[in-house]
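Novice: this one's sequence-less:
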């Protein structure tokens, strides 16, 4: 039988200067004597371990030219000669800097490593890290979206985002991104308060916010929020909850650009009313505002222009949340961002909602913006049309034609629209206005048909129906004639 034995070897470099190389031969003999083996051994004595670059990154900085920035943190400097930059395993440059700019030869995915080279040798390479230079081509199917939606209802449509080019296509619907293009989360702002409660904010009415409160000098009400729409003007009323003075002033700030500060351009001064008992104004939501959740600050001050930060002698400060949105009937896009491999496509669900401003019957048009890394289609507007109609209704009750019993579970059909009767034998079908041939069916009953039922928008047409049980053959039957041939008795079983 053959076996293997692992024999440990101990190399001792104590007291030997760094850079020394030692050679030896280790001879192995066996018992019984079956042979002798001479194994050459060498030992190189190194100094301090040679360090490697850290935090290696490779970033495509110009998709048009294929320019890549490779960067890293410094390795140990003692004895360092240079850094060797490698692409796909081959050295492409040396540098003493901590960055290197590479120009890729063609589209594709590339791997980078960087190695520190010392007088005593080379450290372990950092990486690899990958970078892709894609050349995707966006395709959309369909190229425009259209749907008929009943008032008060929503409808989902499918959009296929495809990539017919090379590399990975990255896409985003910026109006529906989780950060809202900059908003999407409440930030921390400068402190603001008052020293004394005399006049104070007693109520703020803005959109869906209608908050009555006592004096707190400063109060954080960002748990309360209202929607605000790009390009729209919204009225605001702030009521004085304390003593009213004609020298009182009220102003508000909304952090439209979501940069964590209340800029002067984001300030709206309110107009004094009733000798300082309340203040009114109109807030213009700029089209350039970042979408998403942001903060509104309301400040009341005495005999001074309200300041966004700091302490003022009299008055109060309150913060609220505002959700800035694009007013559109396109209420959801899922997913709002993603990637598509070459020669592939990703389905995106688009929701049209005929609610609120878009509830009245009519035709509405909008554009759905998609941005991509396809240089020829960096930003594309997809035309969207929603036709809102008011549906008609068909209601009724279905009963047994013999017993009059209310029938549940009856399938009721009017064209492409269906419903089923409930425990009380009742049903309601919501449908487009028009003329329908109706049918009523239930297992064990004969189908009933009712042609030419007319429905009109916003109105209910009553159609009741009766169903009769399905006739069936008896399981057995027999007939017996009496002795005088005057009578025949027929019996059967079910």
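Specialist: Structure's in. What do you need? Fair warning: this is a prediction, and the values are worked out from it, not measured in the lab.

Novice: would you say residue 140 is within a helix?
Specialist: No. With DSSP: H, G, I helix; E, B strand; the rest coil as the criterion, residue 140 is strand rather than part of a helix.

Novice: ok, now how distant is it from residue 347?
Specialist: Computed as Cβ to Cβ, to the nearest Å, the residue 140 to residue 347 distance reads 12 Å. No exception for glycine: its C-beta is placed from N, CA and C like everyone else's.

Novice: out of the two, which sits in the busier spot?
Specialist: Counted by other Cβ atoms under 10 Å, residue 140 and residue 347 do not tie: residue 140 has more neighbours, with 19 against 11.

Novice: that older thread, give me the common contacts of residue 140 and residue 347.
Specialist: Here residue 140 and residue 347 have 159, 160, 161 as joint contacts, going by Cβ atoms under 8 Å, 6 or more residues apart in numbering.

Novice: residue contacts, the last one?
Specialist: If a contact means Cβ under 8 Å, 6+ apart, then residue 161 has 138, 139, 140, 169, 171, 338, 340, 345, 346, 347, 348, 370 as its contacts.

Novice: Export those as JSON lines, with columns for pLDDT.
Specialist: Listed next are the contacts of residue 161 as JSON lines, based on pLDDT from 0 to 100:
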{"residue": "138", "pLDDT": "97"}
{"residue": "139", "pLDDT": "97"}
{"residue": "140", "pLDDT": "97"}
{"residue": "169", "pLDDT": "94"}
{"residue": "171", "pLDDT": "96"}
{"residue": "338", "pLDDT": "95"}
{"residue": "340", "pLDDT": "96"}
{"residue": "345", "pLDDT": "96"}
{"residue": "346", "pLDDT": "97"}
{"residue": "347", "pLDDT": "97"}
{"residue": "348", "pLDDT": "97"}
{"residue": "370", "pLDDT": "96"}
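
Novice: ranking these by neighbours, who comes first?
Specialist: residue 169 leads these on contacts (other Cβ under 10 Å) with 28 neighbours.

Novice: for it, phi and psi?
Specialist: Taking degrees, to the nearest 10, you get phi -90, psi 130 for the backbone angles of residue 169.

Novice: quick one: it from residue 350, how far?
Specialist: In terms of Cβ to Cβ, residue 169 sits 18 Å off from residue 350.

Novice: same question, residue 489
Specialist: Using Cβ to Cβ, one obtains 73 Å as the distance from residue 489 to residue 350.

Novice: what about the two, which has more around it?
Specialist: More neighbours surround residue 350 than the other of residue 489 and residue 350, with 21 against 9 (other Cβ under 10 Å).

Novice: how close does that one get to residue 368?
Specialist: Distance, residue 350 to residue 368, by Cβ to Cβ: 7 Å.

Novice: Considering only helices and strands, which part of the chain has the lowest mean pLDDT?
Specialist: Across the helices and strands of the chain, mean confidence by mean pLDDT, DSSP states H and E is lowest for strand 121-122: a mean of 79.

Novice: what does that strand contact?
Specialist: Contacts for strand 121-122 (Cβ under 8 Å, 6+ apart): 46, 50, 84, 115, 116.
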